[in-house]
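Engineer: sequence and computational prediction follow.
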2 protein chains.
Amino acid sequence: MNSNVIVRAPLHAQVAERLRLLIDSGELAPGTRLNENELCQNMGVSRTPLREAIRSLATEGLVELQPNRGAIVSVVSQDDVTEILPIMASLEGLGGRLAAVHMQTDQIKQIRKIHNQMVTHYQNYEVTEYFETNQLIHELITEGSGNQTLVDTINSLSAKVRRARFSAQMTRESWAKAVSEHEEMITALEARDPKRLEAILIQHVETKRTTILGSLQQS
Amino acid sequence: MNSNVIVRAPLHAQVAERLRLLIDSGELAPGTRLNENELCQNMGVSRTPLREAIRSLATEGLVELQPNRGAIVSVVSQDDVTEILPIMASLEGLGGRLAAVHMQTDQIKQIRKIHNQMVTHYQNYEVTEYFETNQLIHELITEGSGNQTLVDTINSLSAKVRRARFSAQMTRESWAKAVSEHEEMITALEARDPKRLEAILIQHVETKRTTILGSLQQS
DNA sequence: CGGGTTTATTTTGCATACAAAATACGTTAT
DNA sequence: ATAACGTATTTTGTATGCAAAATAAACCCG
């Protein structure tokens, strides 16, 4: 009679997930010390799974371990962004190159659809929706590479700069540029032109880097 | 009076280190279940730090967690190698491109020295020494990029295929090709030609991929 | 004798308890 | 009053204990 038992994920995984959210949302700001007791009470779990979760986040780079002094939320400096984005550019470029060859035609059509939605959001100044569709397109292209390790690697790097990206204010020009680059991306994908798509993606991430750094500078 | 106190690393870090060694050396073969009690007694620690270490290795991808069924040593399939090496190619290429610009001239001279040693080892059929110097050159170039995140990312990927690389038998031809590619690499580095170095590195890792896959196929 | 069910044992997951280190605090001496 | 020392408290690190799940074994029934 145990038909629809919900096999809930291990506690430490749930805790890790929750911590990621707290960090992404900024509730746990960069530099904050993770007090184990406090977090335990907050989340209603004991220290064991919490600590395991923290270790995971540390390996992912979201928090930093300080021996005998616990963990702090990693602070992503300007330098970190400068380091990470060129790597993401290379990898997204690789992903695009592979996707242009491997993706199914109907998958590409699907991306074109989402792209059109994104453009509408752009025209209507719907920032959140724009970001979401934008992000989705990048993910779909990368997944289209058929290389799961590549997807994981990019996601891991992306996680570290996610907050910086959110908070980065786009200027009218940089936004327009991003959209036009996206248009080129889709066109290259539809034409199944690996080298061209790769080049555009690399350029696109470079544009992003400039935008983010420009925004970080002000603060 | 606490001059030379040795701050020993946290137990879980030591355990993780030891586990990595066991996995790399093959004492813990791919697919092996990690029995916690067994390992605890073996290493003389309790389960807590051991489990934390296992979580770390899981995030690194060296072991695979199976809910309620513990962890097994990851099995690197042919497909995994096929996925990972193109990524490493892109990243090492990026590293080279940056290194060609950023490295100090005397650092480049140092690499040339090591390269010459490597060639000698090649001529004398000293396989182990050849592998070590070879590996060292790649690391030094990547480090020369000045991008620590890049170094970490490459190392993480490298760790997963390390065993496959060791066990890969080089043919006379593939070995010769690898050496000649290395010669080209150093030349491009000395000429501070980023694009050329990048291209060679990408090609070089591609060669490696072929070698490893050819070797995996036989087994 | 074989398949399936129940029971026993092992093994993992989580919580708690204890030890060591680090931090915070108060006291004392200059 | 301030600096420095020593003590108290907090916080992390490790070990152990208990419960649930999974695996292995025994048993029963056909």
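Structural biologist: Perfect, I can see it now.
Engineer: got a list of what whichever residue of chain A sits closest to chain B touches?
Structural biologist: Here chain A gets closest to chain B at one residue, A:Thr59, 3.7 Å apart by Cβ to the nearest Cβ. The C-beta positions use only the backbone N, C-alpha and C, and glycine is treated the same way. Contact analysis of A:Thr59 by Cβ atoms under 8 Å, 6 or more residues apart in numbering or on different chains lists B:55-56, B:59-60.
Engineer: contacting residues around stretch A:184-202?
Structural biologist: With contacts defined as Cβ under 8 Å, 6+ apart, stretch A:184-202 is touched by A:89-90, A:92-101, A:103, A:108, A:111-112, A:115, A:137, A:141, A:181, A:204.
Engineer: list the contacts of the closest residue to A:Glu36 other than its chain neighbours.
Structural biologist: What sits nearest to A:Glu36 in space, not counting adjacent residues and going by Cβ to Cβ, 6 or more residues apart in numbering or on different chains, is A:Arg47, at 5.3 Å. By Cβ under 8 Å, 6+ apart, A:Arg47 lies in contact with A:36-37, A:40.
Engineer: which of those sits closest to DNA strand C?
Structural biologist: Of all the contacts of A:Arg47, DNA strand C sits closest to A:Cys40, with 7.9 Å by Cβ to the nearest atom of the strand.
Engineer: which elements pack onto the helix or strand hosting the closest one?
Structural biologist: Per DSSP states H and E, A:Cys40 falls inside helix A:36-43. Other elements packing on helix A:36-43 under the criterion 3 or more Cβ pairs under 8 Å, 6 or more residues apart in numbering or on different chains; DSSP states H and E are helix A:11-25, helix A:47-60.
Engineer: do the first one and chain B come into contact?
Structural biologist: Yes - judged by Cβ under 8 Å from any Cβ of the partner chain, helix A:11-25 and chain B are in contact via A:His12.
Engineer: so that helix versus helix A:47-60, what angle?
Structural biologist: Using axes from the mean of the first three to the mean of the last three Cα atoms, to 10 degrees, the direction of helix A:11-25 lies 50 degrees away from that of helix A:47-60.
Engineer: who are the packing partners of the helix or strand following helix A:11-25?
Structural biologist: With elements assigned by DSSP H and E, the helix or strand that comes after helix A:11-25 is strand A:33-34. Counting contacts by 3+ Cβ pairs under 8 Å, 6+ apart, strand A:33-34 is packed against strand A:71-73.
Engineer: any idea how far the helix or strand just after the strand it packs on is from the chain center?
Structural biologist: Remark: after strand A:71-73, the chain's next helix or strand is helix A:78-102, criterion DSSP H and E. On the basis of Cα atoms, centre = their mean, to the nearest Å, helix A:78-102 sits 12 Å off its chain's mean C-alpha point.
Engineer: got the contact list for the residue of chain A found nearest DNA strand D?
Structural biologist: Among the residues of chain A, A:Gly70 lies closest to DNA strand D, at 3.2 Å counting by Cβ to the nearest atom of the strand. By Cβ under 8 Å, 6+ apart, the contact set of A:Gly70 is A:33-36.
Engineer: counting neighbours, which of those residues comes out on top?
Structural biologist: In terms of neighbour count, A:Leu34 stands highest of these at 22 neighbours, by other Cβ atoms under 10 Å in any protein chain shown.
Engineer: beta partners of that one?
Structural biologist: The partner list for A:Leu34 in beta bridges (DSSP bridges) reads A:Ala71.
Engineer: below-threshold pLDDT in chain A: ranges please.
Structural biologist: A:1-8, A:216-219 (pLDDT under 70).
Engineer: contact residues of it facing DNA strand D?
Structural biologist: Neighbours of DNA strand D within chain A, by Cβ under 7 Å from any atom of the strand: A:33-37, A:47-48, A:51, A:65, A:67-70.
Engineer: would you turn the residues you listed into CSV with distance to A:Met185?
Structural biologist: As requested, the residues of chain A next to DNA strand D are exported to CSV (distance: Cβ to Cβ, whole Å):
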residue, distance to A:Met185
A:Arg33, 41
A:Leu34, 39
A:Asn35, 44
A:Glu36, 44
A:Asn37, 48
A:Arg47, 46
A:Thr48, 46
A:Arg51, 42
A:Leu65, 38
A:Pro67, 45
A:Asn68, 48
A:Arg69, 45
A:Gly70, 43
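Engineer: return the closest of those with respect to A:Phe166.
Structural biologist: Minimum distance to A:Phe166 across these is 21.3 Å, recorded for A:Leu34 (Cβ to Cβ).
Engineer: hang on, the earlier thing: now the contacts of stretch A:184-202: which count as buried?
Structural biologist: A:89-90, A:92-100, A:103, A:108, A:111, A:115, A:137, A:141, A:181, A:204 (16 or more other Cβ atoms under 10 Å in any protein chain shown).
Engineer: any idea how far the residue nearest the centre of chain A is from A:Leu62?
Structural biologist: Compute the mean C-alpha point of chain A, and by Cα atoms, centre = their mean the closest residue is A:Ser158, 3.6 Å away. For A:Ser158, the distance to A:Leu62 equals 12 Å [Cβ to Cβ, to the nearest Å].
Engineer: got it, and A:Ala164?
Structural biologist: For A:Ala164, the distance to A:Leu62 equals 13 Å [Cβ to Cβ].
Engineer: between the two, which is the more surrounded one?
Structural biologist: Legend: neighbour count by other Cβ under 10 Å for A:Ala164 and A:Leu62, higher for A:Leu62 (25 against 20).
Engineer: that one and A:Leu21 touch, don't they?
Structural biologist: No - using Cβ atoms under 8 Å, A:Leu62 is not in contact with A:Leu21, being 11.0 Å away.
Engineer: would you confirm that A:Leu94 contacts A:Val151?
Structural biologist: No - between A:Leu94 and A:Val151 there is no contact under Cβ under 8 Å: 11.3 Å.
Engineer: near chain B, which residues of chain A? Just list them.
Structural biologist: Within chain A, the positions near chain B by Cβ under 8 Å from any Cβ are A:7, A:9-10, A:12, A:48, A:51-52, A:55-56, A:58-60, A:67-68, A:80, A:83-84, A:86-87, A:90-91, A:93-94, A:98, A:147-150, A:153, A:157.
Engineer: ok and the residue in chain A nearest DNA strand C?
Structural biologist: Per Cβ to the nearest atom of the strand, A:Leu11 is where chain A lies closest to DNA strand C, at 2.7 Å.
Engineer: and that residue, how many neighbours does it have?
Structural biologist: Every residue meeting other Cβ under 10 Å relative to A:Leu11 is counted, giving 16.
Engineer: once you drop chain neighbours, what's closest to it?
Structural biologist: Nearest residue to A:Leu11, sequence neighbours excluded (Cβ to Cβ, 6+ apart): A:Pro49, at 4.1 Å.
Engineer: now that neighbour: how far from B:Arg55?
Structural biologist: 10 Å.
Engineer: if you count what's nearby, which of these two comes out ahead?
Structural biologist: B:Arg55 (26 against 18).
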